[in-house]
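> Sequence plus predicted model, see below.
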Amino acid sequence: MKRLMAWSGLFFLVFVLFHAYGNLHYFEGEIAYDHYAYFLRELLVPILPHGGVLWILRIGLLVCLLAHAGSAFHLWARNRRARGTDKYAVKKAGAEYFASRYAMRTMRWGGVILLAFIVVHILQYTTLHFTPGGEYVHGRAYMNMYYGFQLWWVYLIYAVALAALCLHVWHGVWSALQTLGATRGGTVPLIRLVAFVVAFGLFAAFMIVPTAILFGLTDVPMDAAEYAMRAAEAGIGSSH
């Protein structure tokens, strides 16, 4: 179960790293960002249908999510039964220890927050059933993000979810590498550093675009007529 959690967690980590990198295309402008989103849907066409790679990825993520959450619940329930009413009372000195313990203890609730956020995130930017800030349009990813992150409360929800994600990653990278046998003596400090850098880097990469939108540092989306002309010039299809 721990190995299943480790491998599924690392798969999620690779996904969120690429997702964070992809979001940074936002700073290239509306057409460039929407072209990137359109490109993802056109991967391996005509070998696969439009959006086929994304659907394969979604199914893979769903399987990993079920494996990860199911393993986590099973291990938590087993440990709770084994421990009974006894509480561990081990204390060590050092801010790093207490920070890592805090991250570990928030793994369960952080996971619950992330599950809820994933549902909201899909409803907002994939199915467009939750559209705060304006009228969202399939294929206009730049505009949809702009509408959402203009609102302080959407930004706050995103920040809380990101904090939960990064605490999860911080402890999860360390735990996964330990489970897979990568932690040996002298590698421990390096792995702790890697876990922190990855978690902090993810938070910064994911938050920089919403922060820029909230504080008016990005361009306003184009109107429908101008966008249609510019999108056609860039080769962005009309069907998304």
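That came in fine, so what should we check first?
> what residues are up against residue 53?
40, 41, 43, 44 (CB atoms under 8 Å, 6 or more residues apart in numbering). Heads up, the C-betas are built off the backbone N, CA and C, glycines and all.
> Now, those residues that are in strands?
Using DSSP state E, no member of these sits in strands.
> Share the number of residues neighbouring residue 149, please.
Per other CB atoms under 10 Å, the neighbour tally for residue 149 reads 21.
> can you pull the pLDDT of it?
At residue 149, the model reports a pLDDT of 97.
> Surely it and residue 155 touch.
Yes - counting by CB atoms under 8 Å, residue 149 does reach residue 155; the two are 5.6 Å apart.
> Now do the shared contacts for the two.
Counting by CB under 8 Å, 6+ apart, the shared contacts of residue 149 and residue 155 are 210, 214.
> Scan the contacts of residue 53 and report the most crowded one.
Neighbour counts for those, by other CB under 10 Å, peak at residue 41, which reaches 18 neighbours.
> My understanding was that that residue contacts residue 55; is that so?
No - taking CB under 8 Å as the definition, residue 41 is not a contact partner of residue 55, at 9.8 Å.
> What is the nearest of the contacts of residue 53 to residue 169?
Proximity of the contacts of residue 53 to residue 169 (CB to CB) peaks at residue 40, which lies at 22.9 Å.
> measure the closest one to residue 202 for me?
20 Å (CB to CB, to the nearest Å).
> Assign residue 50 to helix, strand or coil.
What DSSP: H, G, I helix; E, B strand; the rest coil gives for residue 50 is coil.
> what's the nearest residue to residue 210 if we skip its chain neighbours?
Distances taken as CB to CB, 6 or more residues apart in numbering put residue 149 closest to residue 210, at 4.2 Å, once the chain neighbours are dropped.
> where's the one you found relative to residue 8, distance?
With distances taken as CB to CB, residue 149 is found 29 Å from residue 8.
> Look up how far residue 57 lies from residue 147.
Taking CB to CB, one finds residue 147 at 25 Å from residue 57.
> more crowded one of the two?
Between residue 147 and residue 57, residue 147 has the larger neighbour count (other CB under 10 Å), namely 21 against 14.
> who's in contact with stretch 122-135?
120, 136-138, 141, 143-151, 154.
> how about a cut-off of 10 Å?
For stretch 122-135, contacts defined as CB atoms under 10 Å, 6 or more residues apart in numbering pick out 37, 54, 58, 119-121, 136-138, 141, 143-151, 153-154, 157-158, 221.
> what do you get for stretch 31-51?
Contacts to stretch 31-51, defined as CB under 10 Å, 6+ apart, come from residues 22-29, 52-58, 125, 139-145, 209, 218, 221-222, 227, 230-231, 233-237, 239-240.
> Hmm, residue 212 and the residue nearest to residue 210 touching each other?
Yes - assessed by CB atoms under 10 Å, residue 149 is found in contact with residue 212 at 8.6 Å.
> shared neighbours, those two?
residue 218.
> Next, residue 219: phi, psi?
Listed backbone geometry of residue 219 is phi -70, psi 150, with angles given as degrees, to the nearest 10.
> Distance of it relative to residue 171?
Separation of residue 219 from residue 171 (CB to CB): 38 Å.
> Give me the more crowded residue out of the two.
Each of residue 219 and residue 171 has its neighbours counted (other CB under 10 Å); residue 171 has more, 22 against 12.
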